[in-house]
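Peer 1: Provided below for reference: sequence and predicted model.
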2 protein chains.
Amino acid sequence: MAQRKGNLMSVRKDVKVLDATIRDGGLCNNFDFTDEFVTELYKANVKSGIDYMEFGYKASKNLFKTSDFGKWKFCDEEDIRNIVGDNVSDMKIAVMADVGRCDYKADFLPKSESVIDMIRVACYIHQIPAAVEMIDYFHELGYETTCNIMAISQANLNQVQEALEMIVESSVDVIYLVDSYGSLYPENAADLAKVYLEAAEKNGKKVGFHGHNNQNLAFANTIETLSYGVSYLDATAMGMGRGAGNCASELLLGFLKNPKYSLYGLLEFIERYMIPLKNSGVVWGYDLQYLFTGQLNRHPREAMNFTADGRSDYCEFYKGLLENF
Amino acid sequence: MAQRKGNLMSVRKDVKVLDATIRDGGLCNNFDFTDEFVTELYKANVKSGIDYMEFGYKASKNLFKTSDFGKWKFCDEEDIRNIVGDNVSDMKIAVMADVGRCDYKADFLPKSESVIDMIRVACYIHQIPAAVEMIDYFHELGYETTCNIMAISQANLNQVQEALEMIVESSVDVIYLVDSYGSLYPENAADLAKVYLEAAEKNGKKVGFHGHNNQNLAFANTIETLSYGVSYLDATAMGMGRGAGNCASELLLGFLKNPKYSLYGLLEFIERYMIPLKNSGVVWGYDLQYLFTGQLNRHPREAMNFTADGRSDYCEFYKGLLENF
């Protein structure tokens, strides 16, 4: 059986924290962040020792109208540079590219001309061949790459193993275990992480974890998978992210023992920007409706509709979920 | 190394769920619950398959003025009977008695005359000898007993082992690991649980877990310790409890695989009573100030004061905590 790597006091130098506030949080407010907000988050992340900051999606402007979304749905090079300049910091810049939702051959510059460091390719498990094609393309352009295999709690172990066999043969740097539905428990998150790690490490790849907080387990699952060797950890300020949200950066930064990480740098941002954002009515975070879909291992869309409609008839909602199993 | 008992699908017949909503939740509203609220919670708990319902404290009326608190600070026999009658259900009734804060020789009837089934003796680790005296007294009266050793995250392992050696020699039925400060991570909660289990099982005792949610880990720690053999699990409706609150019953009931447990029975209560209670302004649950005290392994009292004062200057509060280390 795989052993834990280090203990609760260990400084795991292999760990990288990725802030996904703008990207996953943008799903809560249609990417409608002010430049001031993004600039201050960038500065706070640098101060806190965050390793990567994800700015948003590189979505296709043919599929999505720019007038329907904030700019971080598209992450134009000049918009990122407007925040980070040439990014003279130790923190790297990431964007996400969804399989099937981006014009990857048109919209990405060679790395030598871009301030972006890493492209994270998100896909469902049946899209792995398409993801591999994109990853190899981005690798050729000179970028670091990740493959974020979403909704993994609905895949069976055979599928996972087949997907991993395929992806480890690509040029990908990091393979992410993504609990999109927030339905994994620490025990099965750890079991899956061990499967990922075994396949990845043989091929010199790293493994990442991206949690959702439907069952209040995003942080627990993150540190549990970390303990077995997962090293790329996604987090967001105050857990801001779709539905029940993600692992909160403030929980993770307070847990990690590497002195490079500082909770205080982020706290100032939270007090000045995140709490006002939440008070302004942008909604995310653990609530009963997300718990239900998480427990039932389902996409949170019905819970998101329940939230958007301002409903509070939890019992009726729950019965409806059970009827439509 | 201790192995997990069963897997995520197992029906662990040894598991007992204890609802502590009135007792730990009462710390949020001075035990000011209506009889209707308590009666409906009692019915909901019976419907949901909860094994024990804790009504509150049996506090000394010499130390505490009855006019300062709701009745569940004192749990008079007739007040409990007013809710449960003779309790013709499969669910048992518990109350808590704090070492040093109750008149235990005056205030408890023999079990044959009481509707109470279990007395939970709460103590700090240096009070174990006093707890043993009370436990043996209650055992003689005919009650089931537990010893809830609080603030265990501040004790060292030697102290824990000495305390356990003493308590397992008593007539106690269940020894509780209590993470009062919400500062344990699943890894060290599990390590401590293994120490408790080893001492307890040799002497025919059971082990329980009572978590606090300062780091969003109350549920995770509960199921992690459960997996190694902890069998008495405290939970509260919507996690209602002091400060950051406890493990939410709805998370735990959805997790347990024994078909005797039903989430739906509790949900009706939550919708009709807990959400209105929360909307009325009673405050509990995870928030940054509790995260700080949890991370720093400190009593939440400063965070509770911060909350009560309606403060939102998190950075100043955090700096103050660091200065007073």
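Peer 2: Sure, I can see it.

Peer 1: which residues of chain A lie near chain B?
Peer 2: A:4, A:7-8, A:185-188, A:213, A:215-220, A:223-224, A:227, A:248, A:250-251, A:254-255, A:263-264, A:267-268, A:270-271, A:275, A:288, A:291, A:295, A:312-315, A:318-319 (C-beta under 8 Å from any C-beta of the partner chain). Glycine gets a C-beta too; all of them are placed from N, C-alpha and C.

Peer 1: looks to me like residue A:238 is in a helix.
Peer 2: Yes: secondary structure assignment (DSSP: H, G, I helix; E, B strand; the rest coil) places residue A:238 inside a helix.

Peer 1: residues near it, how many?
Peer 2: Taking other C-beta atoms under 10 Å in any protein chain shown as the neighbour definition, residue A:238 ends up with a count of 24.

Peer 1: filter the residues of chain A next to chain B to the buried ones?
Peer 2: A:185-188, A:213, A:215-220, A:223-224, A:227, A:248, A:250-251, A:254-255, A:263, A:267-268, A:270-271, A:288, A:291, A:295, A:314, A:318 (16 or more other C-beta atoms under 10 Å in any protein chain shown).

Peer 1: contacts for the one helix or strand residue A:292 maps to?
Peer 2: In the assignment (DSSP states H and E), residue A:292 maps to helix A:288-295. Helix A:288-295 is contacted from outside by A:181-183, A:212-216, A:243-244, A:299-300, A:302-303, A:306-307, A:314, A:317-318, A:321, B:250-251, B:254-255, B:263, B:267, B:270, using C-beta atoms under 8 Å, 6 or more residues apart in numbering or on different chains.

Peer 1: distance between it and the chain's centre?
Peer 2: Once both centres are worked out by C-alpha atoms, centre = their mean, to the nearest Å, helix A:288-295 turns out to sit 19 Å from its chain's centre.

Peer 1: and if you look at stretch A:215-226?
Peer 2: On the basis of C-alpha atoms, centre = their mean, stretch A:215-226 is displaced by 13 Å from the centre of the chain it belongs to.

Peer 1: how about it as PDB, C-alpha atoms only?
Peer 2: Listed in PDB are the C-alpha atoms of stretch A:215-226, where the atom choice follows Å, rounded to 0.1, in the frame of the first residue of the first chain:
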ATOM      1  CA  GLN A 215     -19.800  18.000   1.400                       C
ATOM      2  CA  ASN A 216     -17.400  20.300   3.200                       C
ATOM      3  CA  LEU A 217     -14.500  18.100   2.100                       C
ATOM      4  CA  ALA A 218     -12.600  20.200  -0.500                       C
ATOM      5  CA  PHE A 219      -9.800  21.100   2.000                       C
ATOM      6  CA  ALA A 220      -9.800  17.600   3.600                       C
ATOM      7  CA  ASN A 221      -9.600  15.900   0.200                       C
ATOM      8  CA  THR A 222      -6.800  18.300  -0.800                       C
ATOM      9  CA  ILE A 223      -4.600  17.600   2.200                       C
ATOM     10  CA  GLU A 224      -5.400  13.800   2.100                       C
ATOM     11  CA  THR A 225      -4.400  13.400  -1.500                       C
ATOM     12  CA  LEU A 226      -1.400  15.700  -0.800                       C
END
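
Peer 1: pLDDT (mean, whole number) over that stretch?
Peer 2: The average of the pLDDT scores along stretch A:215-226 is 98.

Peer 1: again with stretch A:244-253
Peer 2: pLDDT averaged over stretch A:244-253 equals 98, rounded to a whole number.

Peer 1: what does stretch A:13-30 give?
Peer 2: Rounded mean pLDDT across stretch A:13-30 is 98.

Peer 1: of all the residues in it, which ones are buried?
Peer 2: Counting neighbours by 16+ other C-beta under 10 Å, one finds that the buried residues in stretch A:13-30 are A:15-29.

Peer 1: which element is the residue in the stretch 101-250 of chain A positioned nearest to chain B on?
Peer 2: Using C-beta to the nearest C-beta, the closest approach of the stretch 101-250 of chain A to chain B is made by residue A:220 at 3.3 Å. With the criterion set as DSSP H and E, the secondary-structure element containing residue A:220 is helix A:218-227.

Peer 1: for that helix, packing partners?
Peer 2: Helices and strands touching helix A:218-227, by 3 or more C-beta pairs under 8 Å, 6 or more residues apart in numbering or on different chains; DSSP states H and E, are helix A:186-202, strand A:206-210, strand A:232-235, helix A:249-255, helix B:186-202, helix B:218-227.

Peer 1: what about residue A:119, neighbour count?
Peer 2: 25.

Peer 1: okay, angle between the helix or strand harbouring it and strand A:206-210 too, please.
Peer 2: Secondary structure assigned from DSSP H and E places residue A:119 in strand A:118-123. For the pair strand A:118-123 and strand A:206-210, the angle between their directions (axes from the mean of the first three to the mean of the last three C-alpha atoms, to 10 degrees) equals 70 degrees.
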